[in-house]
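Participant: The sequence and its predicted three-dimensional model are supplied below.
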Amino acid sequence: GLCVQYAPMAKYIRDNFTLSKPVYVLPTTLYEDVPETSSGRIRFTVPGQVEAERRDYDLVLDVFEELFEHHDDAISLHLLGRPNSEYGDRVVQRCETLAERGHNVVSHREWIPREEYDQTLRTSSVLLCPLRETISGRGVAESYGTTKGSGNVFDALRNATPLVLPAYFVVDDIIERSALSYNDAADLRA
């Protein structure tokens, strides 16, 4: 048989390939604890390395710059990953500029210790996952939510945290009630 980590991947395989063996889904994690919550502001956390190929950080920062104008005392943004490219450095610089202006934005330039990473996920109000529609690697283009999974889904499951994803990401039944989707910046802002 074939084992995948996400039910929409199994559906894609079954719908697009002729197989003589079954396709199984084995999620990498499930929620089994009492969630910790942050106090005060609603913390939006974007987990993962800051890189252009995986996530659209410019969209997030454009939206949050506007949101801070009206909800500065109620929200915070935490980029939970280090940059690994010139793009990532530019994104972190934008975050630092927003923080210097007095907005509650946290970003990192160095590797985040596992304990700090996990604690930040546990105390996040919402996981914001601005995944690109596709990612290419080794000459193969894959679609997030269909042929390519995301650890962000399992971060949300493991910590019982709501998840915000682009509309093109195929949301599995296991997280459907805990996930919101957006089509563009205006939709995310709303």
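Facilitator: That came through fine.
Participant: The strand or helix carrying His70 - contacts with which helices or strands?
Facilitator: Using DSSP states H and E, the element containing His70 is helix 57-71. Other elements packing on helix 57-71 under the criterion 3 or more CB pairs under 8 Å, 6 or more residues apart in numbering; DSSP states H and E are strand 42-47, strand 75-80, helix 86-100, helix 185-189. Where you see a C-beta, it was placed from the backbone N, CA and C, and this is true even at glycine.
Participant: Check which helix or strand the residue lying closest to Cys129 once chain neighbours are set aside maps to.
Facilitator: Nearest residue to Cys129, sequence neighbours excluded (CB to CB, 6 or more residues apart in numbering): Asn152, at 4.2 Å. Assigned by DSSP H and E, Asn152 falls within helix 151-159.
Participant: Just grab the bridge partners of the closest residue to Arg41 other than its chain neighbours for me.
Facilitator: For Arg41, ignoring the flanking residues on the chain, the nearest one in space by CB to CB, 6+ apart is Ser76 at 4.4 Å. In this entry, Ser76 is beta-bridged to Arg43, by DSSP bridges.
Participant: can you pull the contacts of the spatially most central residue of the chain?
Facilitator: Computing the C-alpha centroid of the chain and ranking residues by CA atoms, centre = their mean puts Cys129 first, at 2.5 Å. Neighbouring residues of Cys129 by CB atoms under 8 Å, 6 or more residues apart in numbering: Val46, Pro47, Arg55, Ser150, Asn152, Val153, Leu163, Val164, Leu165, Pro166, Phe169.
Participant: Ok, Leu128 next?
Facilitator: Listed by CB under 8 Å, 6+ apart, the contact partners of Leu128 are Phe44, Thr45, Val46, Val60, Val164.
Participant: cool, Tyr144 as well?
Facilitator: Tyr144 makes contact with Leu131, Arg132, Glu133, Thr134, Ile135, Ser150, Pro166, Tyr168, Phe169 under the criterion CB under 8 Å, 6+ apart.
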